[in-house]
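Student: Pasting a predicted model and its sequence here:
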Amino acid sequence: MSANTAALAQSTGAGEDRSPMKSTTAAGRATRSIIKHVLLVVASLGMIYPLLWMLVSSLRPDELIFRESGLLLTSLEFGNYVEGWNALSHPFSHFLWNSAVVVFGSILANLISCSMAAYAFARLDFRFKKPMFALMLLTIMLPVHVVIIPQYILFSNLGWVNTFLPLIVPKILATDAFFVFLMVQFIRGIPKDLDEAARIDGAGHIRIFIQVILPLMVPALATTAIFTFMWTWNDFFSQLIFLTSPDVYTVPLALQSFLDSTGESNWGAMFAMSIVSILPLFLIFLFGQRFLIKGMATTGIK
């Protein structure tokens with residue numbers, strides 16, 4: 001009895017000794033978690049501060065925009081939105097429509113061409129397949145500034161300058177190697193048993209691609225569509241090179257038109273239209289982020 005009692009007392013004492021240690025450890029973890037979240041909140045505010053400042057500046061009179069760096073509003077100037085909408089040669093909706101045409105044309109071209117090229121690299125066997133795939137990957141590292149002059153000469157000879165064709169037609173040829181690579185990695189993760197089962201039923205490559213592979217590629221297709229939307233909507237350099245007339249200006253070029261080299265820039269109107277131009281990007285990312293995360297997580301990034 002005495003031995004059992006001593007063992008029980010010893011175990012009880014040990015439990016009492018560990019309890020403060022556990023509470024101290026839990027308190028330490030809670031403190032570290034609080035500090036981490038505070039730092040993340042501060043860093044997030046620092047990152048979105050320029051966006052918040054632009055939003056606040058779009059509601060300020062021009063004479064106060066650069067005098068006040070804070071986010072507190074002393075007066076609201078909704079006239080910046082009205083003035084910015086009608087300040088240029090066309091209403092701002094005209095430039096939004098031009099950007100929408102370029103964006104949706106680019107998305108459709110990328111989805112069709114890149115998915116077909118990816119299926120060929122992932123499922124078909126043909127000569128020089130590996131060298132061609134490696135060459136395609138090398139084009140990812142090729143800056144657009146290297147090819148812009150030959151492209152401009154080619155499209156100028158075709159009479160395509162000052163039209164949307166130079167911005168859309170190249171994508172029909174699966175020139176965005178990043179999306180081809182992303183889809184190739186996704187298709188490689190699809191079991192080939194599905195292809196074999198469809199082939200036993202008499203399906204060819206076209207039917208397998210359309211009825212078997214494409215329905216399973218929704219995350220990769222959604223990721224391609226979202227990235228294409230964001231990159232094309234924000235593209236300034238290519239659109240500046242190929243679009244020369246205000247009639248075909250897109251949103252980035254229209255925003256640049258608010259700036260005047262003589263110093264008479266309409267900052268309030270420009271900030272207001274910048275907020276308007278950001279809204280489509282915000283909505284696309286808000287409703288498509290789950291597809292974006294799933295698409296990136298289920299491709300070759302494993």
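Tutor: Right, received. Where do you want to start? Numbering: from 1, shown residues only.
Student: what stretches of this structure score poorly on pLDDT?
Tutor: 1-23, 260-264, 291-302 (pLDDT under 70).
Student: Find the residue at the geometric middle of it.
Tutor: For the chain, the residue nearest the mean C-alpha position is residue 227 (4.0 Å; CA atoms, centre = their mean).
Student: ok, now which ones touch that residue?
Tutor: 178-179 (CB atoms under 8 Å, 6 or more residues apart in numbering). All C-beta atoms are positioned from the backbone trio N, CA, C, and that covers glycine.
Student: Where do the helices of the stretch 101-250 of the chain begin and end?
Tutor: 129-138, 144-158, 165-172, 177-188, 192-200, 205-208, 214-216, 218-234, 237-242 (DSSP state H, counting those that start in this stretch).
Student: Tell me which of the ones you listed sits most buried.
Tutor: Stretch with highest mean neighbour count among the helices of the stretch 101-250 of the chain: helix 177-188 (a mean of 22; mean count of other CB atoms under 10 Å).
Student: That one - contacts with which helices or strands?
Tutor: helix 92-123, helix 129-138, helix 218-234 (3 or more CB pairs under 8 Å, 6 or more residues apart in numbering; DSSP states H and E).
Student: Distance to residue 192 for those - can I get that in CSV?
Tutor: Shown next, in CSV, are those (distance: least, CB to CB, whole Å):
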stretch, distance to residue 192
helix 92-123, 8
helix 129-138, 16
helix 218-234, 17
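Student: out of those, nearest to residue 43?
Tutor: helix 218-234 (22.3 Å; CB to CB).
Student: Can I get the closest one in PDB? Just the C-alpha atoms.
Tutor: The C-alpha coordinates for helix 218-234 follow below in PDB (Å, rounded to 0.1, in the frame of the first residue of the first chain):
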ATOM      1  CA  VAL A 218     -12.000  23.200 -65.500                       C
ATOM      2  CA  PRO A 219      -9.600  24.300 -62.800                       C
ATOM      3  CA  ALA A 220      -6.700  24.800 -65.300                       C
ATOM      4  CA  LEU A 221      -9.000  26.500 -67.800                       C
ATOM      5  CA  ALA A 222     -10.300  28.800 -65.100                       C
ATOM      6  CA  THR A 223      -6.800  29.700 -64.000                       C
ATOM      7  CA  THR A 224      -5.800  30.400 -67.600                       C
ATOM      8  CA  ALA A 225      -8.900  32.600 -68.100                       C
ATOM      9  CA  ILE A 226      -8.200  34.600 -64.900                       C
ATOM     10  CA  PHE A 227      -4.600  35.200 -65.600                       C
ATOM     11  CA  THR A 228      -5.300  36.100 -69.200                       C
ATOM     12  CA  PHE A 229      -7.900  38.600 -68.000                       C
ATOM     13  CA  MET A 230      -5.600  40.300 -65.500                       C
ATOM     14  CA  TRP A 231      -2.600  40.400 -67.800                       C
ATOM     15  CA  THR A 232      -4.500  41.600 -70.900                       C
ATOM     16  CA  TRP A 233      -6.600  44.200 -69.000                       C
ATOM     17  CA  ASN A 234      -3.400  45.700 -67.400                       C
END
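Student: just to revisit the earlier point, which among the helices of the stretch 101-250 of the chain is found nearest to residue 90?
Tutor: Of all those, it is helix 237-242 that lies closest to residue 90, at 15.7 Å by CB to CB.
Student: Enumerate every residue touching the residue lying closest to residue 160 once chain neighbours are set aside.
Tutor: Using CB to CB, 6 or more residues apart in numbering and skipping residues adjacent in sequence, the residue nearest residue 160 is residue 166, 5.2 Å away. Contact partners of residue 166, counting by CB under 8 Å, 6+ apart, are 151, 155, 160, 238, 242.
Student: Kindly report the same for residue 258.
Tutor: 84, 87-88, 265-267, 269-270, 273.
Student: Now that we have the residues you listed, can you turn them into a markdown table and tack on secondary structure, distance to residue 121 and neighbour count?
Tutor: Shown next, in a markdown table, are these (DSSP: H, G, I helix; E, B strand; the rest coil; distance: CB to CB, whole Å; neighbours: other CB atoms under 10 Å):
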| residue | secondary structure | distance to residue 121 | neighbour count |
| --- | --- | --- | --- |
| 84 | helix | 46 | 24 |
| 87 | coil | 48 | 18 |
| 88 | coil | 45 | 19 |
| 265 | coil | 48 | 13 |
| 266 | coil | 49 | 19 |
| 267 | helix | 49 | 17 |
| 269 | helix | 48 | 24 |
| 270 | helix | 44 | 22 |
| 273 | helix | 42 | 27 |
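Student: Just give me the closest of those residues to residue 73.
Tutor: Within the contacts of residue 258, proximity to residue 73 (CB to CB) peaks at residue 267, which comes in at 15.8 Å.
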